[in-house]
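**Student:** got a sequence here, can you model it:
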Amino acid sequence: MQRNDYQYAQAKLDQLKGEYQVDILADWGHGNPDPDEWRPGTWTKAELDRLHSTLCLVSDLMGGNEKFVRNLGGVTVRKADIGSHGGEALSHRVSFSTRRTFSAWTVVHEFAHAWDANHGWR
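**Tutor:** Numbers count the residues shown, from 1 in each chain. Alright, predicted model coming up:
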């Protein structure tokens, strides 16, 4: 994430939380202890946009935001070194690989696993 995209990214995080109860673990931001240092992290603006637009489609297919939230029960999303996988999911948690970007297909696939896990893998 570039420094000049910070406000946009924060607004997108608020939107994802407000609409879908999806929390993004941001790995970008100002340094500690030096607030003038910028840590770009591994997320890109395009990935936040892709995540939001894909979840909008999934939510529509489920019948709206309320049903999406009811079905998934809140999800925390992070980027992590997860080996050769593009993504991983458990109940309330989705991880995307730091080694490459993710596709809309990967978002749908991993959130479907999170949904399944939230209902006991049935």
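
**Student:** so where do the strands sit in the chain?
**Tutor:** For the chain, strands defined by DSSP state E occupy the ranges 22-24, 29-30, 38-39, 75-80, 87-90, 93-97.

**Student:** can you tell me how far Gly74 is from Ala46?
**Tutor:** Distance from Gly74 to Ala46, counting by Cβ to Cβ, to the nearest Å: 24 Å. Quick note: C-beta positions are derived from backbone N, CA and C, even for glycine.

**Student:** what's the answer for Gly73, then?
**Tutor:** In terms of Cβ to Cβ, Gly73 sits 27 Å off from Ala46.

**Student:** between the two, who's got more neighbours?
**Tutor:** Gly73 (13 against 9; other Cβ atoms under 10 Å).

**Student:** give the contact list for the residue lying closest to the more buried one once chain neighbours are set aside.
**Tutor:** Take Gly73 and drop its neighbours on the chain: the residue closest to it by Cβ to Cβ, 6 or more residues apart in numbering is Asn118, 5.2 Å away. By Cβ atoms under 8 Å, 6 or more residues apart in numbering, Asn118 lies in contact with Asn71, Leu72, Gly73, Ser91, His92.

**Student:** can you rerun that using 7 Å?
**Tutor:** Contact analysis of Asn118 by Cβ atoms under 7 Å, 6 or more residues apart in numbering lists Leu72, Gly73, Ser91, His92.
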